[in-house]
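1. Let's see this in three dimensions:
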Amino acid sequence: MWLPAGVSLAAMLLSQPTSQVRLAIAFALTQVVLSHIGGRDIPLSIVLGILAGIAPAVADAVVRWMRISLDGFHLLHAIVIAALVSATLLGGSGAAYVSAVSGAPFVLLFQEWGAAIFVGICVTTPLLAVWAQFRPQRSSRRNWREVIVCGAAFVTLIGASWALFDRVMAERFGAYVGACLLYLPMFFVVIVAVAGGARGGTLAVLVLALISLGKTAQGEGPFASADIEERVALLQAQLYLGITAILVLIVHSLHDARAQALDQAHQWRTHLELALAGSGMVTYCADPHRSTLQWGGDIDQFLGYSGDSLRTFDQVLALVHPSDRTHLYDHWMAAALEVDTAPRPIRFRLAHRDRPDIWIALTDAGSALRNPNGSVALVAGVWQRSNDPAH
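-> As a prediction, this is how the structure comes out:
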């Protein structure tokens, strides 16, 4: 797993286009130094450095050209596309150069380098992207149950991963049981992602990656075996981590889509209630089949009654002036039976909460809402204070 590829790509995606040239040069020089320290010769280090500066810039250009944002489901789309472009360009070009110079098998090199770059991007780039977008809010209330579940799952993930990739565990239970238990860390990663959000999920994937790759490189864990080459074992471990990282991105996408829908619904409800309060109205949805009502707006401020005291037809009609009860009831039932869905305003009087001898003059404008088959679903409308004096 090549983490610098994810770091460089995240920096490109999160920065302004004007600074990408400087970033590319910085990443190229850093890659040259790292490659030379890692034992590669100067020409190869220079080639890898040039590719390390070009690949994230090209991947970022592709993402920006496709106009993919870095939030919600779009984050998954952006990461996968950028990882494929970087892995193909950086891993493929580097493998081609090494194969041409030294005669090493191109396919094997491309598998190793491409997998390392792809997994490094899937692990590191989402982590940096979601944490860079984090903005603390004073007014946000913490759900301590989710915090406890997230913390417990994170601690359990560390313990389970360390035990699963430990040599003693493999010797005690065997490779088959260890392979079956590989789903256990993924389960705890998903719990952390659900309870802790994208920041918790990406951090959990990073911890799992460090434990699994570190243990596999030492010859421990379900992927390591005396019959399997270290290269193949690391390739299998990286595939496992890549699937886990994409799974976390999918969970984040679904969770973020749900959060956005709830936020939009809350904003819509707030705007509607403000509009109703400003216009001096309340809304209702009457079910003529069950004789029940649901209210919208500040009905307590509007009428002086709570919404719970006006849940049924009988409760409302008991407060209506005796001369208007039949008229209002027939209005609701007629709206439910007639084909015409145009609102039909009627005037009626409602008893004052504190002064039963005083009547509030109101206007009801409602009509039926029908199902696709023509049957009535609800009768919906608004109540507004009438300009006519109560009598």
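2. can you map out the strands along the stretch 201-350 of the chain?
-> 281-287, 292-296, 344-351 (DSSP state E, counting those that start in this stretch).
3. ugh, wrong one, I meant the stretch 1-150 of the chain
-> Counting by DSSP E, counting those that start in this stretch, the stretch 1-150 of the chain contains no strands.
4. Show me which strand runs longest in the chain.
-> strand 359-370 (DSSP state E).
5. so what secondary structure elements neighbour it?
-> helix 325-337, strand 344-351, strand 376-385 (3 or more C-beta pairs under 8 Å, 6 or more residues apart in numbering; DSSP states H and E). Any C-beta I mention is one placed from the backbone N, CA and C, and that applies to glycine too.
6. With residue 16 as the reference, name the closest of those.
-> strand 376-385 (49.0 Å; C-beta to C-beta).
7. mind listing what that closest one pairs with, with the direction of each?
-> Sheet pairing of strand 376-385 (DSSP bridges) gives strand 281-287 (antiparallel), strand 359-370 (antiparallel).
8. With just CA atoms, put it into PDB.
-> Output of strand 376-385 as PDB, limited to C-alpha atoms (Å, rounded to 0.1, in the frame of the first residue of the first chain):
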ATOM      1  CA  VAL A 376     -59.500   9.800  -1.900                       C
ATOM      2  CA  ALA A 377     -56.400   9.700   0.200                       C
ATOM      3  CA  LEU A 378     -56.700  12.800   2.300                       C
ATOM      4  CA  VAL A 379     -58.600  16.100   2.500                       C
ATOM      5  CA  ALA A 380     -56.000  18.800   2.900                       C
ATOM      6  CA  GLY A 381     -56.400  22.600   3.400                       C
ATOM      7  CA  VAL A 382     -55.700  25.600   5.500                       C
ATOM      8  CA  TRP A 383     -57.400  27.500   8.200                       C
ATOM      9  CA  GLN A 384     -57.200  31.300   8.300                       C
ATOM     10  CA  ARG A 385     -58.800  33.900  10.500                       C
END
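9. what sits up against that strand?
-> Identification of contacts with strand 376-385 by C-beta atoms under 8 Å, 6 or more residues apart in numbering yields 276, 279-288, 302-303, 332, 335-337, 343, 360-371.
10. hmm, try it at 6 Å
-> Under the criterion C-beta atoms under 6 Å, 6 or more residues apart in numbering, residues 280-283, 285-288, 332, 335-336, 362-366, 368-371 lie in contact with strand 376-385.
11. Buried members of the residues you listed into PyMOL, please.
-> In PyMOL syntax, the buried subset of the contacts of strand 376-385 is picked out as below (16 or more other C-beta atoms under 10 Å):
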select buried, resi 281+282+283+285+286+287+288+332+335+336+362+363+364+366+368
